[in-house]
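Asker: Structural data only, the sequence is not supplied:
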DNA sequence: TTTTATCTTGAACGATCGTTCAAAGCTAGT
DNA sequence: ACTAGCTTTGAACGATCGTTCAAGATAAAA
């Protein structure tokens, strides 16, 4: 009866994500996207509805990848705290050079967008909260294993991680030379509030 | 012989700064600016050269205001550390509600811009470094007064402040309800590395 | 093979972008 | 009052924006 779509939706969203991540929502034009994902406007609009629709899927893809990378860090390490450390080093040090932007796409989005794109803004906020919740789960696991005192509030510690990640990624963008980022990440877990 | 410009350059830059700060570089159109600063395109281009030229002056105005607010905090407090605390509370808590954006305009700019606007990007980076240097001067004063151990590296402490400000301002944007921001700011100075 | 339902294409739309410039307006010096 | 020299004005430019849609291409059902 019909013809199936020939593009791979996941791959397309992945490529769109990278471009949006690099340039931000407003500086990315639909024509930039057409080139990168190799689709014509009609197909893009039939599939994603609008520039905002595609951005929303890109955000979701970014968030899912982040959660998976945290899980992978956990799988590769012997303790939840080491997993958090490894994850932070990946986000802050490795991605500094090789990712589309050294900054978190979610943080960039909440920085860039206003109420004019309220839905996208809310999606980015929700994703940041979701990441924070993943941090919290690892901290609770660390408490269960005795690596972190159960006197401490896992929510507060997770929030602290979130703040340090945002701060360090922004900072890493400002200093051209290499700041001692690895050392600073280790320090986070060696001192208050840990 | 000639006619003098009738607009007040400082006031104009101030208004442009607020709009750029709120919406970011790309989402702010020249027509938005025309309305806000009440100038016609010809006058704007004769005075500032381009959208980028006006943005550059807005960045400089923002930075100057920040340095002055830090100095004012110092004048209003009895110690340099109290001044830093007061400044952070102003930036993070007060401006959260009343400023054009809860985020630092400089941090927003380094997050948004790419090499396509290399000059503006560099100006924002330089301004962030300048603010960090102002923090350092206050910390050195605190060391001279015996409020901070001279064993500690003032540069590292200043960098720590910078990272906490970025992290907290980004975080304050994501949580709609009020996080205990004041408490977190106090904590910064009560624990490592202070 | 023909039909039919879907997907793809790319020219084109109106809106808006950053910017220019000739004309008009204004003020200080004569 | 007149002129010279600057400022201000706003219509207009070409480029690009996000988006639409009629026409062509394709593959499964008949």
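Answerer: Received the coordinates, thanks. Predicted model, so just to flag it, every value in this text is computed and none were measured.
Asker: what kind of secondary structure is residue A:25 in?
Answerer: Following DSSP: H, G, I helix; E, B strand; the rest coil, residue A:25 is assigned to coil.
Asker: which residues does it contact?
Answerer: Under the criterion of Cβ atoms under 8 Å, 6 or more residues apart in numbering or on different chains, the neighbours of residue A:25 are A:51, A:55, A:109, A:112-113, A:117, A:120. Every C-beta, even on glycine, is put in place using the N, C-alpha and C of the backbone.
Asker: ok, and which of the residues you listed reach chain B?
Answerer: Judged by Cβ under 8 Å from any Cβ of the partner chain, the overlap between those and the neighbourhood of chain B comprises residue A:112.
Asker: Which of the contacts of residue A:25 has the largest number of neighbours?
Answerer: Neighbours were tallied for each of the contacts of residue A:25 (criterion: other Cβ atoms under 10 Å in any protein chain shown), and the maximum of 27 neighbours falls on residue A:109.
Asker: Least confident secondary structure element in chain A?
Answerer: When each helix and strand of chain A is scored by mean pLDDT, DSSP states H and E, helix A:95-98 comes last, with a mean of 94.
Asker: So which bits of that helix are buried?
Answerer: In terms of neighbour count (16 or more other Cβ atoms under 10 Å in any protein chain shown), helix A:95-98 has its buried residues at A:95-96.
Asker: Next secondary structure after that helix?
Answerer: Past helix A:95-98, further along toward the C-terminus, the next helix or strand under DSSP states H and E is helix A:105-112.
Asker: is the least confident helix or strand of chain A anywhere near chain B?
Answerer: No - applying Cβ under 8 Å from any Cβ, one finds helix A:95-98 separated from chain B by no less than 13.2 Å.
Asker: Contacts for that helix next, please.
Answerer: By Cβ under 8 Å, 6+ apart, the surrounding residues in contact with helix A:95-98 are A:102, A:172, A:181.
Asker: Tell me the one among those residues nearest to residue A:161.
Answerer: For those, the residue nearest residue A:161 by Cβ to Cβ is residue A:181; the value is 14.9 Å.
Asker: before we move on, what SS does the residue in chain A that DNA strand C sits nearest to have?
Answerer: Distance from DNA strand C to each residue of chain A (Cβ to the nearest atom of the strand) is smallest for residue A:42, at 2.2 Å. Taken by three-state DSSP, the conformation at residue A:42 corresponds to helix.
Asker: Same check on residue A:147?
Answerer: When the structure is split into helix, strand and coil by three-state DSSP, residue A:147 lands in coil.
Asker: Tell me, how many residues neighbour it?
Answerer: Residues contacting residue A:147 under the criterion other Cβ under 10 Å number 15.
Asker: Count the neighbours of residue A:142 for me.
Answerer: A count of neighbours around residue A:142, defined by other Cβ under 10 Å, yields 24.
Asker: Could you verify my assumption that it touches residue A:150?
Answerer: No - distance between residue A:142 and residue A:150: 9.9 Å, which falls outside the contact criterion (Cβ atoms under 8 Å).
Asker: Near chain B, which residues of chain A? Just list them.
Answerer: Of all the residues in chain A, those in contact range of chain B (Cβ under 8 Å from any Cβ) are A:22-24, A:26-27, A:103, A:107-108, A:110-112, A:114, A:116, A:125, A:128-129, A:159, A:162-168, A:170-171, A:173-176, A:179, A:184, A:187, A:191-193.
Asker: If we check DNA strand D, which of the residues you listed are in contact?
Answerer: Under the cut-off given by Cβ under 7 Å from any atom of the strand, DNA strand D has nothing from those close to it.
Asker: what's the span of stretch A:139-158 from first residue to last?
Answerer: Start to finish, the residues bounding stretch A:139-158 are 7 Å apart (Cα to Cα, to the nearest Å).
Asker: which element is the closest residue to chain B within chain A on?
Answerer: In chain A, the residue found nearest to chain B is residue A:167; the distance is 2.9 Å by Cβ to the nearest Cβ. With the criterion set as DSSP H and E, the secondary-structure element containing residue A:167 is helix A:154-174.
Asker: Return the distance of that helix from the chain's centre.
Answerer: In terms of Cα atoms, centre = their mean, to the nearest Å, the gap separating the centre of helix A:154-174 from the centre of its chain is 12 Å.
Asker: Also compute the angle for the very next helix or strand once past that helix relative to helix B:154-174, please.
Answerer: As assigned by DSSP H and E, the chain's next helix or strand after helix A:154-174 is helix A:181-190. Angle, helix A:181-190 to helix B:154-174, by axes from the mean of the first three to the mean of the last three Cα atoms, to 10 degrees: 70 degrees.
Asker: about what we covered before: any of the residues of chain A next to chain B buried? List them.
Answerer: A:22-24, A:26-27, A:103, A:107-108, A:110-112, A:125, A:128, A:159, A:162-168, A:170-171, A:173-174, A:179, A:184, A:193.
Asker: Let me know how buried residue A:138 is, in neighbour terms.
Answerer: For residue A:138, the count of nearby residues is 25 (other Cβ under 10 Å).
Asker: residues touching the closest residue in space to it that isn't next to it in sequence, list them.
Answerer: With Cβ to Cβ, 6 or more residues apart in numbering or on different chains as the measure, residue A:80 is the residue that lies nearest to residue A:138, at 4.1 Å, once sequence neighbours are left out. If a contact means Cβ under 8 Å, 6+ apart, then residue A:80 has A:74, A:138-139, A:141-142, A:145, A:147 as its contacts.
Asker: if we go to 7 Å?
Answerer: Listed by Cβ atoms under 7 Å, 6 or more residues apart in numbering or on different chains, the contact partners of residue A:80 are A:74, A:138-139, A:141-142, A:147.
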